[in-house]
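> based on what follows, work out the 3D shape:
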Amino acid sequence: MFNIAEMMQKAQEMKAKMEEVQAELEKKQITADAAGIARATVNGKLELISIKIEKTKFDVNDTELLEDAIVAAVRAAQTRATQNMKDQMQRVAGDMGLPPGLLP
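Residues are numbered from 1 along each chain as shown. Next up, the predicted model:
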């Protein structure tokens, strides 16, 4: 039997849990490296927190290589953070009894 009150309660529980997980994820820092030259760290909001450059890994006159490494490191860190968020949200959805793939 379809129970709208129970369904609404489950929806509210899920919303609260998702908000809790999202708040936790925003506090996390994810780091990625590009060719050992640049290391980028982003938070769970995909905001860039820091960049570290390994000066011994490239010619200081090759700014194009450095620029490319920075972009690659930032993208890789953002991709990891995004995947981490998706994995956590899918885990919560599974814990709530939702079918896999329901959340983006």
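
> three-state assignment of Arg39?
What DSSP: H, G, I helix; E, B strand; the rest coil gives for Arg39 is strand.

> if I look at the residue nearest the centre of the chain, how far off is Gln88?
The chain has Ala81 as the residue nearest its centroid, 1.8 Å off, counting by CA atoms, centre = their mean. Ala81 sits at a distance of 11 Å from Gln88 (criterion: CB to CB, to the nearest Å). Every residue, glycine included, has its C-beta placed from N, CA and C.

> low-confidence ranges, this structure, go.
1-2, 98-104 (pLDDT under 70).

> as a check, name the ranges of all helices in it.
Per DSSP state H, the chain carries helices over the ranges 4-27, 63-95.

> what's the angle from the first one to helix 63-95?
If I follow you right, that is helix 4-27. Calculated by axes from the mean of the first three to the mean of the last three CA atoms, to 10 degrees, helix 4-27 forms an angle of 150 degrees with helix 63-95.

> residues contacting Leu57?
Not Leu; residue 57 is Lys. Neighbour list for Lys57: 35-37 [criterion: CB atoms under 8 Å, 6 or more residues apart in numbering].

> go again with 7 Å.
Applying CB atoms under 7 Å, 6 or more residues apart in numbering, we find Lys57 in contact with 36-37.

> how far away is it from Ala35?
7 Å.

> just to revisit the earlier point, could you dump the helices of the chain to JSON lines with distance to Ile49?
Below are the helices of the chain laid out as JSON lines (distance: least, CB to CB, whole Å):
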{"stretch": "helix 4-27", "distance to Ile49": "11"}
{"stretch": "helix 63-95", "distance to Ile49": "9"}
